[in-house]
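Participant: output the structure for:
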Amino acid sequence: MIIRQEKTGDIDAVHEVVRQAFEKALHTNHDEHNLVNRLRESEAFIPELSLVAEENGRIVGHILFTKLNVGDTVQLGLAPLAVLPQWQGKGIGGKLIEAGHAKAKELGFDYSILVGHESYYPRFGYFPASCIGVTAPFDVPDENLMAFSLQGKNTPLDGMLEYPAEFLL
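Facilitator: Model prediction:
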């Protein structure tokens with residue numbers, strides 16, 4: 001398994017991985033594959049934080065971290081994380097998260113924030129974002145709005161998330 005930065009030639013494969021990964025998901029608008037394409041064209045996109053998991057030359061997973069604002073700070077949003085259905089449950093998502101965290105830390109970001117499954121993301125160190133004063137501009141249960149401290153600090157942010165416009169289309 002190779003985890004690497006996405007290349008231009010990977011775009012179609014990533015689109016298909018994300019589409020298939022969310023095809024039968026319960027809590028989705030089934031637009032994640034188009035969201036990735038919109039975010040790639042936005043100012044929030046960070047090429048080094050669009051990572052793929054490759055097995056025997058085939059892309060089987062993808063993760064994307066993009067810039068978002070919390071109050072007057074720039075943080076990262078993790079969305080989406082996708083693994084082909086037949087490859088799920090093999091630790092690929094975790095490897096993508098860990099590789100993304102390492103790169104984000106190296107780039108100097110403080111937090112990764114996400115809306116996600118309350119029993120999956122805490123195993124990677126995510127905790128309720130309310131612990132650092134982060135609120136969402138929409139209704140979301142406290143246990144599903146999570147943050148991860150990339151630098152190992154829990155400095156309060158005390159602000160509302162502001163997602164890039166591409167999330168709202």
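Participant: pretty sure Asp72 is touching Asp158, no?
Facilitator: No. Under the criterion of CB atoms under 8 Å, Asp72 makes no contact with Asp158, lying 10.2 Å away. Using the backbone N, CA and C atoms, a C-beta is placed for each residue, glycine as well.
Participant: in terms of neighbours, single out the busier of the two.
Facilitator: More neighbours sit around Asp158 than around the other of Asp72 and Asp158, counting by other CB atoms under 10 Å; the figures are 12 against 7.
Participant: and the more buried one, how far from Thr8?
Facilitator: Relative to Thr8, Asp158 is positioned 39 Å away (criterion: CB to CB, to the nearest Å).
Participant: so how far is the helix or strand bottoming out on mean pLDDT in the chain from its chain's centroid?
Facilitator: Ranked by mean pLDDT, DSSP states H and E, the weakest helix or strand in the chain is helix 32-40, scoring a mean of 93. Once both centres are worked out by CA atoms, centre = their mean, to the nearest Å, helix 32-40 turns out to sit 12 Å from its chain's centre.
Participant: got a list of what Leu150 touches?
Facilitator: Leu76, His101, Ala104, Lys105, Phe109, Asp110, Tyr111, Ser112 (CB atoms under 8 Å, 6 or more residues apart in numbering).
Participant: among those, which two are most distant?
Facilitator: Taking CB to CB as the measure, these reach their widest spread between His101 and Asp110, a distance of 11.9 Å.
Participant: run through the chain and note the low-pLDDT ranges.
Facilitator: Scanning the chain for pLDDT under 70 picks out the ranges 26-28, 30, 169.
Participant: tell me the residue furthest from the middle of it?
Facilitator: Relative to the C-alpha centroid of the chain, counting by CA atoms, centre = their mean, Asn56 is the outermost residue, at 24.1 Å.
Participant: which residue ranges of this structure form strands?
Facilitator: Listed in chain order, the strands of the chain (DSSP state E) span residues 2-5, 45-55, 58-70, 73-83, 111-115, 127-128, 134-135, 145-149, 159-162.
Participant: between these, which gets nearest to His15?
Facilitator: With CB to CB as the yardstick, what comes closest out of the strands of the chain is strand 58-70 (9.2 Å).
Participant: within the sheet, what are the partner strands of that closest one, with directions?
Facilitator: Strands flanking strand 58-70 in the sheet, each with its direction: strand 45-55 (antiparallel), strand 73-83 (antiparallel), strand 159-162 (antiparallel) (DSSP bridges).
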